[in-house]
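Undergrad: quick check, what structure comes out for this input:
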Amino acid sequence: MATIKFLYRSSKDEACLTLRLSYTIKGTTKRAESSTTILVGKKYWDKELFSNAKNQAQQHKQDKIKGDIDSLKSKVWKVFYETPITDINQSWLKNIVENHYFPKKEIKYPDNILEYFDIFIAEKKALGKAKNTIENLTSAKNHLQVYEKTLKAPILIKDVGADFKMRYKVFCEDAHKYSFGTIMNDLAIIKSVCIHAKDNEVETHKKLKKRIDFEPEVNPEDVDKVYLSFSDLEKITNLSSKKIGNELDAAKDWLILSCYLGQRVSDFLKLTEKAIRFEEGERVVELIQKKTKKKIAIPVLPEIAEILDKRNGEFPPYMAYHRYNDNIKLVCKKAKLNELVYTGKVEDGRKVIKNYKKWEVVTSHIGRISFATNHYGDWPTPFIMNVTGHSKEKTFLSYIGKDGKDMALDILRFIKKKK
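TA: Down below sits the predicted model:
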């Protein structure tokens, strides 16, 4: 048995009524209460609401309040009888009452993937995702938009499966000469959009939950992982500051720092002496990664200390990103990093894969990958991942171009060291 009562629970002369639901579970009486928006005076509630109205105005006021009470009561009873008794509690009642006064609007999500992309991107912006992330999402949407125009029909989310993947890849490779990495990045983003739509109960491809249609493939372009070895870094370090000038010297120092800090350019180029802390008498660099929002602490290695000491405890002066990217190529050219590497470089808006001199393909990202690659096998992998901010070991190993065989060899080398 269950009952609903409305109570005046305030000591004030005027207040909102409280709804009390009493119900029984296995012979035990339970109660749940929630405030309402039905505002009445204490005297009116006690003596006038349920008495005979003396005039039309009083009758109208009584009808209004009684109507509000009956409407809310009907709502609670309706949901009460649709809900398992074990799920009913105070929180449940408050949600029912809140929904009665402020009903949630049912959102109609589009089944067209390009229209859903807008929702996905808007949500990521609202969550404060990094500018590069938003640009990648927008780029994938633009590529998909070009593809859809050739179909002359909208692409439905439910049709995004293995067949879609095959056709999209052929289009990207043949019609636009997109690189393998760009195509795989687009497909990974499209998969995320579809999964997001599925979470919002939009019809998706029947095999999407298995995620087999979007698994990464082996890259047919067997490109080199470009990084600066310790030997390369020694050549860069040995460049004369006087001969290369102040600006290139600052770029040189930032480049060396990046290879021992292991951070993204958006994080390390803005470092100042305020980022340096002392822990147990040792210097560490502390920062919060812009992309992941993780707090990172990096030990000041001898190579970092040498540059800080050279600059009286300060980091090199700030350098604009594009300026830094251009300058480190010049630094590496002067250091004669002429080793040929087979990799990709953007030329006239397209990534061209061929042999380049290493200095030609040096970019701001090389510091982070150099840090990870150079220390892999010497430092415990979790230590390196803690600095770079990687969360998954699989992602980290892929990042530096390592696989299971490399891991096995490293384990053997570690065992030999222990002996």
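Undergrad: for the nearest residue to Tyr321 once chain neighbours are set aside, give me its contacts.
TA: Leaving aside its chain neighbours, Tyr321 sits nearest to Val265 (6.2 Å; criterion: CB to CB, 6 or more residues apart in numbering). (C-beta placed from N, C-alpha, C; glycine too.) Taking CB atoms under 8 Å, 6 or more residues apart in numbering, we find Val265 in contact with Ser258, Tyr321, Tyr324, Ser364, His365, Gly367.
Undergrad: buried ones among these?
TA: Buried subset of the contacts of Val265 (neighbour count, 16 or more other CB atoms under 10 Å): Ser258, Tyr324, Ser364, Gly367.
Undergrad: in TSV, list the residues you listed along with secondary structure and pLDDT.
TA: Below are the buried ones among the contacts of Val265 laid out as TSV (DSSP: H, G, I helix; E, B strand; the rest coil; pLDDT from 0 to 100):
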residue	secondary structure	pLDDT
Ser258	helix	95
Tyr324	helix	94
Ser364	coil	91
Gly367	helix	94
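Undergrad: with respect to Leu156, which of the residues you listed is nearest?
TA: Checking these against Leu156 with CB to CB, the nearest one is Ser364 at 39.8 Å.
Undergrad: the residue lying closest to the closest one once chain neighbours are set aside and Asn95: what is the separation?
TA: Distances taken as CB to CB, 6+ apart place Val265 nearest to Ser364, at 3.9 Å, with adjacent residues excluded. In this view, Val265 and Asn95 are 47 Å apart by CB to CB, to the nearest Å.
Undergrad: cool, and Lys294?
TA: 35 Å.
Undergrad: tell me the residue furthest from the middle of this protein?
TA: If you look at how far each residue of the chain sits from its centre, by CA atoms, centre = their mean, the farthest one is Lys54, at 64.7 Å.
Undergrad: that one: helix or strand, and which one exactly?
TA: Per DSSP states H and E, Lys54 falls between elements, in no helix or strand.
Undergrad: then Asn95?
TA: Counting by DSSP H and E, Asn95 is found in helix 90-101.
Undergrad: mind checking the SS state of Ser22?
TA: Counting by DSSP: H, G, I helix; E, B strand; the rest coil, the backbone at Ser22 sits in strand.
Undergrad: partner residues bridging it?
TA: With DSSP bridges as the criterion, Ser22 is bridged to Thr3, Arg31.
Undergrad: let the chain start at 49 from now.
TA: Taking 49 as the first residue, the last one we looked at is Ser70.
Undergrad: so it touches Leu55, yeah?
TA: No - when contacts are counted by CB atoms under 8 Å, Ser70 is not listed as touching Leu55 (11.5 Å).
Undergrad: and the two? which has more neighbours close in?
TA: Taking neighbours as other CB atoms under 10 Å, Ser70 and Leu55 compare with Ser70 leading, 14 against 11.
Undergrad: tell me the contacts of Asp159?
TA: Applying CB under 8 Å, 6+ apart, we find Asp159 in contact with Leu204, Ile205, Lys206, Val250, Glu251.
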